[in-house]
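1. Just the structure for this:
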Amino acid sequence: MSIMMSMSPSPSPSPLASSPTVSSSPPSSLPVRTIPGSYGLPLVGPISDRLDYFWFQGPETFFRKRMEKYKSTVFRTNIPPTFPFFNVNPNIVAVLDCKSFAHLFDMEIVEKKNVLVGDFMPSVKYTGNIRVGAYLDTSEPQHGKVKNFAIDTLKQSSKVWVPELTSNLSTMWDTIEKDLAEKSSSSYLVPLQKFVFNFLIKCLVGADPSSSPKVAESGYIMLDRWLAFQLLPTVKIGVLQPLEELFIHSFAYPFFLVSGDYNNLSNFVEEYGKEIVQRGQTEFGLSKEETIHNLLFILGFNAFGGFSVFLPSLLGTIASDTTDLQQRLVKEVREKGGSTLTFDSIKEMPLVQSVVYETLRLNPPVPLQFARARKDFRLSSHDSAFEVKKGELLCGFQSLVMKDPKIFSEPETFIPDRFMKDKDLLDYLYWSNGPQSGVPGVSNKQCAGKDIVTLTACLILAYTFRRYDSISGSSSSITAVKKA
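-> Residues are numbered from 1 along each chain as shown. Below is the predicted model:
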């Protein structure tokens, strides 16, 4: 998602702290090194790496151990999913420092066609038999139409975004308070998903979920299932092994398992989102089907899916904090930004912004980013250069990239005011398929909603600490609230 750049909050103009610098050495002045690592024997190598990734090590340890083994942030390995008898190539070149990772966003040397989740691509049946914008490369004419449609949709939604957000957020916290009055803790995951779903439907589709009782009651569950069956082969669940490997990671799931859910949602968009569907056709040259399915992907995959992953980590980080962070947030949100929360009022809350950025740094909602070499080129890390051949798949694990010790001091530590001290660090906050300082457009693949995601998270924090003096809990539940 995205919104007009003029509405994006800017970091505090406080003096910059001294920060680590990225080597400015061009690739030609760095020692050229053969990319270390290997893919192993056919079938055996990919399966071995898959078991390490999902079972024996876990994703972060998987990449860390190989960085240590090869003494390099750039190396060859395999990445799940690995379906031995299907046309999925698990071979990648890992890029795990900020300098090498930045190549993933240079559209002159890489392409993004069908690599949203690596070489694996869920069936287009999941998106109405249409390759939606996320799977299009910038060189494809349709990409510009879809990207402009997405950006315009968010601009239109900005008129109702804040009131719908705060209204539905109020309902969420009312539900949590009611639960806490009856028991010692309240799981907020379901209320959170209902809140996110309802306000997104109103803002992006321009429709009231209550228009369809089925969608109003179960729409968020429909999206959960639709997302799950696309992504299960690529994510670690943590259920009993070897059952997870045998039954979750060994094949792609057929669309018919969620076809009823998806058809209910697409029919809802077609019936109750007529205005935006018409605008997609008349103003952006999309067909009716392209408009509906791209809008549903933006709603379900980008917005609902992203917020469902990110917001629990944000609330959990704040609720479990044992320092004076909550008191500092309370002070800022009540003293600054005026009496009414708006996109502009967030600009007056630098600590709130920095907390959101720091949470995205440590817990990016999308763990992996991919790109395929458009041509032969020389890739550089901080200390070496490597020859990459056309067609090779590059992969970065973001939570490691954004812990690059040459960029971030105390990289493993949550430092709430990190981005207040040094606004230049936004150049290395890559959660949105590009730097936070970047501008989404038709010439790149940066998330169209980069700015409105951070604005929304800031508004949620500001609303919460105008309502409460403190909250306690974890990434899944609230155990106590103290009302203002």
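2. roughly how far out does whatever helix or strand Phe419 lives in sit from the chain middle?
-> Assigned by DSSP states H and E, Phe419 belongs to helix 418-421. Centroid displacement of helix 418-421 relative to its chain, using CA atoms, centre = their mean, to the nearest Å, is 21 Å.
3. how would you label the residue nearest to Gln230 when sequence neighbours are not counted: helix, strand or coil?
-> For Gln230, ignoring the flanking residues on the chain, the nearest one in space by CB to CB, 6 or more residues apart in numbering is Pro122 at 4.1 Å. The way it works is simple: take the backbone N, C-alpha and C, and place the C-beta from them, glycine included. Following DSSP: H, G, I helix; E, B strand; the rest coil, the label given to Pro122 is coil.
4. picking up where we left off before, which strands or helices does the helix holding Phe419 pack on?
-> helix 350-362 (3 or more CB pairs under 8 Å, 6 or more residues apart in numbering; DSSP states H and E).
5. Distance from the helix or strand following the helix it packs on to the middle of the chain?
-> The element immediately downstream of helix 350-362 (helix or strand, assigned by DSSP H and E) is strand 368-373. Offset of strand 368-373 from its chain centre (CA atoms, centre = their mean): 15 Å.
6. Which other helices and strands does the lengthiest helix in the chain contact?
-> Secondary structure of the chain read by DSSP state H shows that its longest helix is helix 141-182. Here helix 141-182 touches strand 186-187, helix 189-200, helix 274-284, helix 288-297, helix 343-346, helix 450-467, strand 477-483, going by 3+ CB pairs under 8 Å, 6+ apart.
7. Run the angle between it and strand 477-483 for me.
-> Helix 141-182 and strand 477-483 are oriented at 70 degrees to each other (axes from the mean of the first three to the mean of the last three CA atoms, to 10 degrees).
8. neighbouring contacts of the least confident helix or strand in the chain by mean pLDDT?
-> Least confident helix or strand, the chain: helix 243-247 with a mean of 90, by mean pLDDT, DSSP states H and E. Helix 243-247 is contacted by residues Arg50, Leu51, Phe54, Trp55, Lys236, Ile237, Gly238 when judged by CB atoms under 8 Å, 6 or more residues apart in numbering.
9. PyMOL command for the buried members of those?
-> Here is the PyMOL command that selects the buried residues among these (16 or more other CB atoms under 10 Å):
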select buried, resi 50+51+54+236
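10. separation between the closest residue to Phe370 other than its chain neighbours and Thr34?
-> Once flanking residues are discounted, Phe370 sits nearest to Val115: 4.3 Å by CB to CB, 6+ apart. Look at Val115 and Thr34: by CB to CB, to the nearest Å, they are 24 Å apart.
11. out of those two, which sits in the busier spot?
-> Of the pair Val115 and Thr34, Val115 is the one with more neighbours under other CB atoms under 10 Å, namely 23 against 9.
12. residue ranges with poor pLDDT in the chain?
-> By pLDDT under 70, the low-scoring segments of the chain are 1-28, 85.
13. tally of neighbours for the nearest residue to Glu392 once chain neighbours are set aside?
-> Distance criterion CB to CB, 6+ apart; nearest residue to Glu392, sequence neighbours excluded, is Ala373 at 4.8 Å. Residues lying near Ala373 (other CB under 10 Å) number 19.
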